[in-house]
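Chemist: Just to be clear, the model below is a prediction. Sequence and coordinates:
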Amino acid sequence: MSDTGAEPTSPDLEQPPQAEVADPTESEQLRQELAEAQAQVSQHRDQLLRAAAELDNIRKRAARDIEQAHRYALEKIAQELLPVRDSLELAAASAATADAASLAAGQQATLKLLTRAFERFAIKGIEPVGEPFDPQRHEAMVMQESATAEPDSVLQVVQRGYELNGRLLRPARVIVARAPGPT
């Protein structure tokens, strides 16, 4: 190698090409496009902030509505049960002076009020006499031999069960039939 005082040049060490000087109209166009892009960014940012605020308001409103629903969920059923209570109070107040027939009529009227309230809220009684015993809906109190009923079927209801919109509120307490044993 000869030493000429100059260092050899490699392609990696080459200087990048100088940017060409843009003409003034192209520069002005780029500035205008930049200003438009910045305006769009500002507009989109504003829209994003408004959407975020609206979403936050919707969440707060939904939380308030849920709280109100929980707080006043029983209001309608309570309003339906008030006449039942009134009827029972009237019967208790007149029990000393009323005869048996008027007390029985008052009890029937009170039972009708309660039945109507249950119907309005889709509360249905479970009366499974003759049906197969279902531990999901029935609570067996005792098993009793029966020559007439199918084994493992409900022979008698001791306490009625109830469902609310198909969901079990209380199982029916029942007496379950079993086959008669050898005598």
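Modeler: Received the coordinates, thanks. Numbering: from 1, shown residues only.
Chemist: Can you get me a residue count around Ala91?
Modeler: 17 (other CB atoms under 10 Å). From N, CA and C alone the C-beta is placed, and that goes for glycine too.
Chemist: for the protein, what are the low-confidence residue spans?
Modeler: Counting by pLDDT under 70, the ranges of the chain that qualify are 1-22, 183.
Chemist: mind listing the strands in it by residue range?
Modeler: Along the chain, counting by DSSP state E, strands occupy 123-126, 138-145, 154-159, 161-164, 167-170, 172-178.
Chemist: which of those is buried the deepest?
Modeler: strand 172-178 (a mean of 21; mean count of other CB atoms under 10 Å).
Chemist: Centre of the chain to that one, how far?
Modeler: 34 Å (CA atoms, centre = their mean, to the nearest Å).
Chemist: so how many other residues sit close to Ala149?
Modeler: Around Ala149 sit 19 other residues, with neighbours defined as other CB under 10 Å.
Chemist: Now do the contacts for the residue nearest to it when sequence neighbours are not counted.
Modeler: Excluding the flanking residues, the one nearest Ala149 by CB to CB, 6 or more residues apart in numbering is Ala177, at 3.8 Å. Ala177 is in contact with Met143, Gln144, Glu145, Ser146, Ala149, Glu150, Pro151, Asp152, Ser153, Val154, Leu155, counting by CB atoms under 8 Å, 6 or more residues apart in numbering.
Chemist: The residue nearest the centre of the chain and Lys60, how far apart?
Modeler: What sits nearest the mean C-alpha location of the chain, by CA atoms, centre = their mean, is Ile66, with 9.9 Å. To Lys60, Ile66 is 11 Å away according to CB to CB, to the nearest Å.
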